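K.L.:
Pasting a predicted model and its sequence here:
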Amino acid sequence: MTTSQQTELLIRVELFGLPRLRSGQRMVELLLPAEVSLRDVAPALGQACPALVAHTIREDLSGPAEGYLFNLNGTRFLTGEQVNLRPGDALLLLSNQAGG
Amino acid sequence: MSRSRLDWANAPVSGIVLAGEQSRRLGRDKAVEPFLGQPLILRVLQRIAPVISEAVVVVADAARGRTLPVGADHRIALDLYPNSGSLGGIFSGLAAASSQWSLVVSCDMPFLNADLLRHMLALRQGADAVVPVVEGRPEPTHALYAKACLPFIEQRLQAQELKISGFLTWCGCATFQSRK
(Lines give C-alpha, C1' and ligand atoms only; values in the text may rest on other atoms or scores of the structure.)
Protein backbone atom coordinates (compact mmCIF):
# COMPACT_ATOMS: atom_id res chain seq x y z
CA MET A 1 0.00 0.00 0.00
CA THR A 2 1.51 3.30 -0.94
CA THR A 3 0.96 6.35 1.24
CA SER A 4 0.83 9.78 -0.39
CA GLN A 5 4.11 11.48 0.53
CA GLN A 6 3.28 14.95 1.95
CA THR A 7 5.41 17.35 -0.14
CA GLU A 8 4.36 20.57 1.52
CA LEU A 9 3.56 21.79 5.02
CA LEU A 10 1.16 24.57 6.04
CA ILE A 11 2.62 26.54 8.93
CA ARG A 12 0.67 29.31 10.63
CA VAL A 13 2.60 32.30 11.99
CA GLU A 14 0.68 34.58 14.37
CA LEU A 15 1.95 38.16 14.67
CA PHE A 16 1.55 40.45 17.67
CA GLY A 17 2.42 44.00 18.60
CA LEU A 18 4.70 45.90 16.22
CA PRO A 19 5.12 43.06 13.71
CA ARG A 20 1.35 42.97 13.39
CA LEU A 21 1.16 46.71 12.91
CA ARG A 22 4.03 46.79 10.40
CA SER A 23 2.74 43.93 8.30
CA GLY A 24 -0.92 44.81 8.70
CA GLN A 25 -1.63 41.13 9.33
CA ARG A 26 -2.56 39.12 12.42
CA MET A 27 -1.63 35.79 10.94
CA VAL A 28 0.31 34.55 7.94
CA GLU A 29 0.06 31.06 6.46
CA LEU A 30 3.25 29.76 4.89
CA LEU A 31 3.30 26.78 2.52
CA LEU A 32 6.74 25.24 3.03
CA PRO A 33 8.55 22.07 1.87
CA ALA A 34 7.72 19.02 4.01
CA GLU A 35 11.20 18.64 5.51
CA VAL A 36 11.16 22.21 6.87
CA SER A 37 12.95 23.46 9.93
CA LEU A 38 12.71 26.70 11.87
CA ARG A 39 15.61 28.14 9.93
CA ASP A 40 13.45 28.04 6.79
CA VAL A 41 10.63 30.09 8.28
CA ALA A 42 12.32 33.49 8.41
CA PRO A 43 13.08 33.65 4.66
CA ALA A 44 9.53 32.56 3.82
CA LEU A 45 8.04 35.05 6.28
CA GLY A 46 10.24 37.80 4.92
CA GLN A 47 8.96 37.05 1.44
CA ALA A 48 5.36 37.02 2.61
CA CYS A 49 5.77 40.20 4.71
CA PRO A 50 8.58 42.36 3.29
CA ALA A 51 7.78 45.09 5.85
CA LEU A 52 9.15 42.83 8.58
CA VAL A 53 12.59 42.43 7.03
CA ALA A 54 15.34 44.32 8.90
CA HIS A 55 12.84 45.06 11.68
CA THR A 56 11.39 41.85 13.04
CA ILE A 57 13.37 39.53 10.79
CA ARG A 58 17.10 39.87 10.32
CA GLU A 59 18.08 41.56 7.10
CA ASP A 60 19.90 38.40 5.96
CA LEU A 61 16.70 36.43 6.71
CA SER A 62 18.63 34.14 9.06
CA GLY A 63 16.03 34.38 11.82
CA PRO A 64 14.11 36.76 14.09
CA ALA A 65 15.82 40.09 14.76
CA GLU A 66 17.20 40.83 18.20
CA GLY A 67 14.38 41.36 20.70
CA TYR A 68 12.06 38.95 18.88
CA LEU A 69 11.62 35.23 19.13
CA PHE A 70 9.40 32.41 17.97
CA ASN A 71 7.19 30.38 20.24
CA LEU A 72 5.98 26.96 19.06
CA ASN A 73 2.28 26.24 19.62
CA GLY A 74 2.10 28.51 22.65
CA THR A 75 4.16 26.16 24.75
CA ARG A 76 7.83 26.45 23.89
CA PHE A 77 10.05 29.41 23.19
CA LEU A 78 12.56 28.63 20.45
CA THR A 79 16.00 30.06 20.97
CA GLY A 80 18.15 28.85 18.15
CA GLU A 81 17.84 25.11 18.63
CA GLN A 82 17.05 22.98 15.58
CA VAL A 83 13.31 22.32 15.38
CA ASN A 84 11.53 20.33 12.70
CA LEU A 85 8.00 21.56 12.18
CA ARG A 86 4.94 19.37 11.70
CA PRO A 87 1.62 19.84 9.91
CA GLY A 88 -0.66 22.22 11.83
CA ASP A 89 2.11 23.76 13.89
CA ALA A 90 1.62 27.39 14.86
CA LEU A 91 4.47 29.77 15.42
CA LEU A 92 4.01 32.97 17.42
CA LEU A 93 6.36 35.83 16.62
CA LEU A 94 6.72 37.83 19.82
CA SER A 95 8.78 40.62 21.29
CA ASN A 96 10.69 39.39 24.30
CA GLN A 97 9.85 42.68 25.97
CA ALA A 98 6.07 42.29 25.69
CA GLY A 99 4.14 42.46 28.91
CA GLY A 100 0.94 43.60 30.64
CA MET B 1 0.33 41.07 60.87
CA SER B 2 -0.97 37.90 62.64
CA ARG B 3 -0.18 34.61 60.87
CA SER B 4 -3.14 32.28 60.37
CA ARG B 5 -2.50 28.75 61.63
CA LEU B 6 -3.98 27.50 58.35
CA ASP B 7 -2.53 24.33 56.94
CA TRP B 8 -1.24 26.45 54.09
CA ALA B 9 0.47 23.61 52.25
CA ASN B 10 -2.81 22.00 51.15
CA ALA B 11 -5.11 24.96 51.42
CA PRO B 12 -7.13 25.57 48.24
CA VAL B 13 -6.15 28.57 46.17
CA SER B 14 -8.53 30.80 44.29
CA GLY B 15 -7.47 32.18 40.93
CA ILE B 16 -8.04 35.88 40.28
CA VAL B 17 -7.75 37.16 36.71
CA LEU B 18 -7.58 40.94 36.41
CA ALA B 19 -9.57 41.90 33.34
CA GLY B 20 -10.61 45.40 34.41
CA GLU B 21 -11.40 47.26 31.23
CA GLN B 22 -10.30 47.76 27.66
CA SER B 23 -6.61 48.29 27.27
CA ARG B 24 -5.82 51.95 26.67
CA ARG B 25 -2.45 51.27 25.05
CA LEU B 26 -3.68 48.48 22.80
CA GLY B 27 -6.80 50.45 21.94
CA ARG B 28 -9.05 47.41 22.07
CA ASP B 29 -10.05 44.69 24.47
CA LYS B 30 -6.89 42.77 25.36
CA ALA B 31 -8.86 40.06 27.17
CA VAL B 32 -10.57 38.89 23.97
CA GLU B 33 -7.56 39.34 21.68
CA PRO B 34 -7.29 36.15 19.60
CA PHE B 35 -4.33 34.01 20.61
CA LEU B 36 -3.79 30.63 18.99
CA GLY B 37 -7.40 30.67 17.92
CA GLN B 38 -9.06 31.55 21.23
CA PRO B 39 -9.63 34.67 23.34
CA LEU B 40 -6.57 35.46 25.43
CA ILE B 41 -8.45 35.35 28.72
CA LEU B 42 -9.60 31.78 28.07
CA ARG B 43 -6.01 30.73 27.55
CA VAL B 44 -5.00 32.42 30.82
CA LEU B 45 -7.83 30.61 32.67
CA GLN B 46 -6.63 27.31 31.20
CA ARG B 47 -3.03 27.95 32.24
CA ILE B 48 -3.92 28.54 35.91
CA ALA B 49 -6.60 25.83 36.10
CA PRO B 50 -4.19 23.09 37.34
CA VAL B 51 -3.35 25.01 40.54
CA ILE B 52 -6.62 26.69 41.55
CA SER B 53 -9.91 25.60 43.07
CA GLU B 54 -12.02 28.40 41.55
CA ALA B 55 -11.53 31.31 39.16
CA VAL B 56 -12.70 34.86 39.79
CA VAL B 57 -12.53 37.34 36.89
CA VAL B 58 -12.42 40.95 38.06
CA VAL B 59 -14.02 43.46 35.71
CA ALA B 60 -14.68 47.18 35.79
CA ASP B 61 -18.46 46.90 35.37
CA ALA B 62 -21.33 44.45 35.00
CA ALA B 63 -21.65 45.02 31.27
CA ARG B 64 -18.07 43.91 30.76
CA GLY B 65 -18.71 40.90 32.93
CA ARG B 66 -21.55 39.84 30.63
CA THR B 67 -19.57 40.23 27.43
CA LEU B 68 -16.35 38.47 28.41
CA PRO B 69 -16.34 34.93 26.93
CA VAL B 70 -15.34 33.14 30.16
CA GLY B 71 -18.17 30.65 30.51
CA ALA B 72 -20.43 29.92 33.45
CA ASP B 73 -17.95 28.07 35.65
CA HIS B 74 -15.93 31.23 36.38
CA ARG B 75 -17.20 33.88 38.76
CA ILE B 76 -17.27 37.54 37.82
CA ALA B 77 -16.38 40.10 40.50
CA LEU B 78 -16.95 43.81 40.03
CA ASP B 79 -14.17 46.23 40.78
CA LEU B 80 -15.02 47.70 44.21
CA TYR B 81 -12.56 50.54 43.69
CA PRO B 82 -13.03 51.61 40.06
CA ASN B 83 -10.22 53.53 38.36
CA SER B 84 -7.74 52.33 40.96
CA GLY B 85 -5.69 50.16 38.65
CA SER B 86 -4.45 46.71 39.55
CA LEU B 87 -4.47 47.37 43.28
CA GLY B 88 -8.22 47.88 43.18
CA GLY B 89 -8.58 44.73 41.10
CA ILE B 90 -6.50 42.69 43.52
CA PHE B 91 -8.58 43.96 46.45
CA SER B 92 -11.88 43.20 44.69
CA GLY B 93 -10.76 39.71 43.67
CA LEU B 94 -9.42 38.87 47.13
CA ALA B 95 -12.64 40.09 48.73
CA ALA B 96 -14.72 37.90 46.38
CA ALA B 97 -12.52 34.80 46.58
CA SER B 98 -13.64 31.85 48.67
CA SER B 99 -10.15 30.68 49.61
CA GLN B 100 -7.80 32.24 52.11
CA TRP B 101 -5.10 32.37 49.46
CA SER B 102 -5.45 33.64 45.91
CA LEU B 103 -3.25 33.56 42.85
CA VAL B 104 -3.54 36.92 41.05
CA VAL B 105 -2.65 37.18 37.34
CA SER B 106 -3.40 39.55 34.50
CA CYS B 107 -5.57 38.61 31.54
CA ASP B 108 -2.67 39.18 29.13
CA MET B 109 -0.34 36.43 30.32
CA PRO B 110 -0.53 33.60 27.73
CA PHE B 111 2.61 31.79 28.92
CA LEU B 112 1.83 31.30 32.62
CA ASN B 113 3.87 28.36 33.87
CA ALA B 114 2.17 25.83 36.17
CA ASP B 115 5.49 24.61 37.63
CA LEU B 116 6.45 28.15 38.61
CA LEU B 117 3.00 28.69 40.10
CA ARG B 118 3.34 25.49 42.16
CA HIS B 119 6.77 26.65 43.31
CA MET B 120 5.17 29.88 44.53
CA LEU B 121 2.47 27.95 46.39
CA ALA B 122 5.21 26.14 48.30
CA LEU B 123 6.63 29.44 49.58
CA ARG B 124 3.51 30.60 51.44
CA GLN B 125 4.43 29.46 54.95
CA GLY B 126 4.60 32.41 57.32
CA ALA B 127 3.89 34.89 54.52
CA ASP B 128 0.91 36.99 53.50
CA ALA B 129 2.04 37.39 49.91
CA VAL B 130 4.41 35.60 47.57
CA VAL B 131 5.84 37.76 44.79
CA PRO B 132 8.48 36.91 42.17
CA VAL B 133 11.17 39.51 41.56
CA VAL B 134 12.58 39.67 38.03
CA GLU B 135 15.72 41.73 37.47
CA GLY B 136 15.03 43.62 40.69
CA ARG B 137 11.40 44.39 39.87
CA PRO B 138 8.47 42.70 41.69
CA GLU B 139 5.74 41.15 39.54
CA PRO B 140 2.67 41.91 41.74
CA THR B 141 0.20 40.71 39.10
CA HIS B 142 1.78 37.30 38.99
CA ALA B 143 1.65 36.76 42.71
CA LEU B 144 -0.11 35.08 45.64
CA TYR B 145 -1.99 37.03 48.30
CA ALA B 146 -3.68 35.97 51.52
CA LYS B 147 -6.93 37.59 52.65
CA ALA B 148 -4.92 38.99 55.56
CA CYS B 149 -3.68 41.59 53.07
CA LEU B 150 -7.16 43.06 52.51
CA PRO B 151 -7.21 45.74 55.25
CA PHE B 152 -3.75 46.96 54.26
CA ILE B 153 -4.63 47.13 50.59
CA GLU B 154 -7.81 49.02 51.44
CA GLN B 155 -5.89 51.58 53.46
CA ARG B 156 -3.78 52.38 50.44
CA LEU B 157 -6.77 52.47 48.12
CA GLN B 158 -8.54 54.94 50.37
CA ALA B 159 -5.41 57.06 50.49
CA GLN B 160 -5.28 56.77 46.67
CA GLU B 161 -1.76 55.34 46.91
CA LEU B 162 -2.15 52.89 44.07
CA LYS B 163 1.38 51.65 43.50
CA ILE B 164 1.22 47.95 44.34
CA SER B 165 4.86 47.63 45.25
CA GLY B 166 4.24 50.28 47.92
CA PHE B 167 1.77 47.95 49.62
CA LEU B 168 4.13 44.97 49.53
CA THR B 169 6.41 46.58 52.10
CA TRP B 170 3.51 46.62 54.57
CA CYS B 171 2.86 42.91 54.67
CA GLY B 172 4.84 39.77 55.30
CA CYS B 173 5.89 39.31 51.72
CA ALA B 174 7.94 36.35 50.57
CA THR B 175 9.83 37.37 47.46
CA PHE B 176 12.02 35.18 45.33
CA GLN B 177 14.31 35.88 42.43
CA SER B 178 12.84 34.51 39.24
CA ARG B 179 14.91 34.25 36.04
CA LYS B 180 12.74 35.66 33.22
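P.N.:
Cool, the structure landed. Residues are numbered from 1 along each chain as shown, chains lettered A, B, ... in the order given.

K.L.:
Those residues of chain B touching chain A, which are they?
P.N.:
Within chain B, the positions lying close to chain A (Cβ under 8 Å from any Cβ of the partner chain) are B:34-36, B:43, B:106, B:108-111, B:141. All C-beta atoms are positioned from the backbone trio N, CA, C, and that covers glycine.

K.L.:
quick one: which of the residues you listed has the most company?
P.N.:
Neighbour tally across the residues of chain B next to chain A (other Cβ atoms under 10 Å in any protein chain shown): the maximum, 24 neighbours, falls on B:S106.

K.L.:
right, and that one touches B:I16 too?
P.N.:
No - applying Cβ atoms under 8 Å as the test, B:S106 and B:I16 come out as separate, 10.0 Å apart.

K.L.:
Next up, the contacts around B:R47.
P.N.:
When contacts are counted by Cβ atoms under 8 Å, 6 or more residues apart in numbering or on different chains, B:R47 touches B:109-114.

K.L.:
Tell me the secondary structure at it.
P.N.:
helix (DSSP: H, G, I helix; E, B strand; the rest coil).

K.L.:
Let me know the closest of the contacts of B:R47 to A:L92.
P.N.:
B:P110 (8.4 Å; Cβ to Cβ).

K.L.:
Contact partners for that closest one?
P.N.:
A:74, B:35-36, B:40, B:43-44, B:47.

K.L.:
can you give me the strands for chain B?
P.N.:
Remark: strands assigned in chain B by DSSP state E are B:13-18, B:34-35, B:38-39, B:54-59, B:75-78, B:101-106, B:129-134, B:137-138, B:142-146, B:173-177.

K.L.:
quick one: low-confidence parts of chain B?
P.N.:
Filtered on pLDDT under 70, chain B yields the residue ranges B:1-9, B:21-28, B:172, B:178-180.

K.L.:
OK, now which residue of it is nearest to chain A?
P.N.:
Evaluated by Cβ to the nearest Cβ, chain B has B:S106 as its residue closest to chain A, separated by 4.1 Å.

K.L.:
which residues does that residue bridge with?
P.N.:
On the basis of DSSP bridges, B:S106 is bridged to B:L18.

K.L.:
so what's it up against?
P.N.:
Going by Cβ under 8 Å, 6+ apart, the list of residues near B:S106 reads A:100, B:17-18, B:44, B:86, B:141-142.

K.L.:
let's see 10 Å
P.N.:
Applying Cβ atoms under 10 Å, 6 or more residues apart in numbering or on different chains, we find B:S106 in contact with A:99-100, B:16-20, B:30-31, B:40-41, B:44, B:86, B:89, B:112, B:139-142.

K.L.:
quick one: which of those residues sit in helices?
P.N.:
Here DSSP state H is the test, and the contacts of B:S106 give B:40-41, B:44, B:86, B:89 as lying in helices.

K.L.:
which one of the residues you listed is nearest A:E8?
P.N.:
Closest to A:E8 out of the ones in helices among the contacts of B:S106 is B:L40 (30.7 Å), distances taken as Cβ to Cβ.

K.L.:
Once you drop chain neighbours, what's closest to that closest one?
P.N.:
Distances taken as Cβ to Cβ, 6 or more residues apart in numbering or on different chains place B:E33 nearest to B:L40, at 4.7 Å, with adjacent residues excluded.
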